[in-house]
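based on what follows, work out the 3D shape:
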Amino acid sequence: MAYSREKLSEEKVFKDPVHRYIHVRDRVIWDLIGTREFQRLRRVKQLGTTYLTFHGAEHSRLNHSLGVYEIVRRIIDDVFEGRPEWNGDERLLSLCAALLHDLGHGPFSHSFEKVFDTDHEHFTREIVLGDTEVNQVLQRVSKDFPKKVAEVIAKTYGSKLVVSLISSQIDADRMDYLQRDAYFTGVSYGQFDMERILRVMRPREDGAVIKQSGMHAVEDYIMSRYQMYWQIYFHPVTRSAEVILTKILHRAKHLFEAGYSFRQAPVHFYSLFKRNVTLEDYLKLDEAVMLYYFQMWEEEEDPVLSDLCDRFMNRRLFKYTEFHPSNDQMNKLMELNRLFKKAGIDPDYYLEVDSSSDLPYDFYRPGEEEERLPIHLLKNNGEVRELSRESEIVDAISGKRRTDHKLYFPADLLRDESSKKNIKKQIRELLELPE
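As a prediction, the model looks like this:
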């Protein structure tokens, strides 16, 4: 029997808190799960620093990847199978792309990428196509199979339907992370009727569509996503932790470039600092490695690196205040920079404006460069209509970007009056901190 069609002698089942069970019968999927590159995702948290705000948010990208695989498997095997618009030959390709879509995420992904200018999508492609165990498994299917998987993940594969299963505005990726992140953070915002959405999903050449009878379930899904972004993903305490994490990495990089002699040499970061990171170097990095260095750097002689690491490891986070980037506020920020320097507090590491922005739902508009795959409804007469044309709720939020700005600072240092008492008092007054 060809490897691509080989089944396990007995179905493997993973117990899952979100989907109840994750089912694996395909030998290829089982072998991919066992690769070292996929197992590395156990050591990368799905929600980065969010565990410092919601203590249950300790789940990994491996959890999520299995969940995305399971949703795609259900769509294909339970809904699409046998329908003329679905090409059954693309089943295994879809399942592999779903399982491997997050393979290139680094530790504390988004903060990490900002500092070192890396791209997890690039590394996902490198893992799928490079000298890896994952590539070896995919090559056993066919020589060009790794390339096809990489193209689906990169959204360049020829079938828009296959791409839409893991990359659209109502895809398996989003449906899993909303429910999974809600479960582990203990909130109800991310809950929606996924079973209903899957039952009314239909294959079309340009992507999956939703039967009109499922419109209300989709409305609920979009509002769940909106709430999760503002209540969970953009939570100001989580963002405070991200600010400190980013500052740690910036400081370590600066010290390395300045020739500083570390007590605990950051050997795992050398290639990142030198901007010549290899796939082998990248795969050695996970959150356990980073936290080890942070713990060691608490003992460094550099007071900034030591203090920032202590703050992150022991959750002594920055406080925040609302910040609107108007002329008055920018002038205030310039004055705060000046006063921080006079107080002996480096504003490059202890004063930061952080912005969050989200577009809950949008659709492609002619003339715009960025194509956004809309959600389409399949009407009873066979007509296909873009969701916001049929839903007043979705129309009300379509194309409306919400942005939030916060100013972060170390309130404890500003209240320490053992030095620069008058200057710190001026800073507190500018920030309107209660005495």
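
from here on, just use CA atoms for contacts and neighbour counts.
Will do.

biggest strand in the protein, by residue count?
Scanning the chain for the strand with the most residues, using DSSP state E, yields strand 7-16.

show me what counts as buried in that one.
Using 16 or more other C-alpha atoms under 10 Å as the test for burial, strand 7-16 gives residue 7.

mind listing what that strand pairs with, with the direction of each?
strand 20-26 (antiparallel) (DSSP bridges).

enumerate the positions of the strand it pairs with that are buried.
Neighbour counts using 16+ other C-alpha under 10 Å place 22, 23, 24, 26 of strand 20-26 among the buried residues.

want to try CSV for the residues you listed, with pLDDT and distance to residue 188 as columns?
Supplementary listing: the buried residues of strand 20-26 in CSV, determined by pLDDT from 0 to 100; distance: C-alpha to C-alpha, whole Å:
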residue, pLDDT, distance to residue 188
22, 98, 22
23, 98, 26
24, 98, 29
26, 98, 34
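
turn those residues into TSV, columns for distance to residue 326.
TSV is the format used below for the buried residues of strand 20-26 (distance: C-alpha to C-alpha, whole Å):
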residue	distance to residue 326
22	50
23	53
24	54
26	57
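
what's the closest of those to residue 91?
The closest of these to residue 91 turns out to be residue 26 (C-alpha to C-alpha; 10.8 Å).

next up, the contacts around the closest one.
Shown in contact with residue 26 (C-alpha atoms under 8 Å, 6 or more residues apart in numbering): 5, 6, 7, 8.

which residues touch residue 185?
Residue 185 touches 54, 55, 56, 57, counting by C-alpha under 8 Å, 6+ apart.

in contact with the first one, which residues?
With contact set as C-alpha under 8 Å, 6+ apart, residue 54 has these partners: 185, 186.

confirm residue 385 sits in a strand?
Yes - using DSSP: H, G, I helix; E, B strand; the rest coil, the assignment for residue 385 is a strand.

pull the contacting residues for it.
With contact taken as C-alpha under 8 Å, 6+ apart, residue 385 is in contact with 376, 377, 378, 379.

off-centre distance for stretch 34-51?
Relative to its chain's centre, stretch 34-51 lies at 12 Å (C-alpha atoms, centre = their mean, to the nearest Å).

let me know the average pLDDT across that stretch.
Stretch 34-51 shows a mean pLDDT of 97.

for residue 306, grab the count of nearby residues.
For residue 306, the neighbour count with other C-alpha atoms under 10 Å is 18.

distance of the residue lying closest to it once chain neighbours are set aside from residue 313?
Closest residue in space to residue 306, ignoring its immediate chain neighbours: residue 298 at 4.3 Å, by C-alpha to C-alpha, 6 or more residues apart in numbering. Note on residue 298: its distance to residue 313, by C-alpha to C-alpha, to the nearest Å, is 9 Å.
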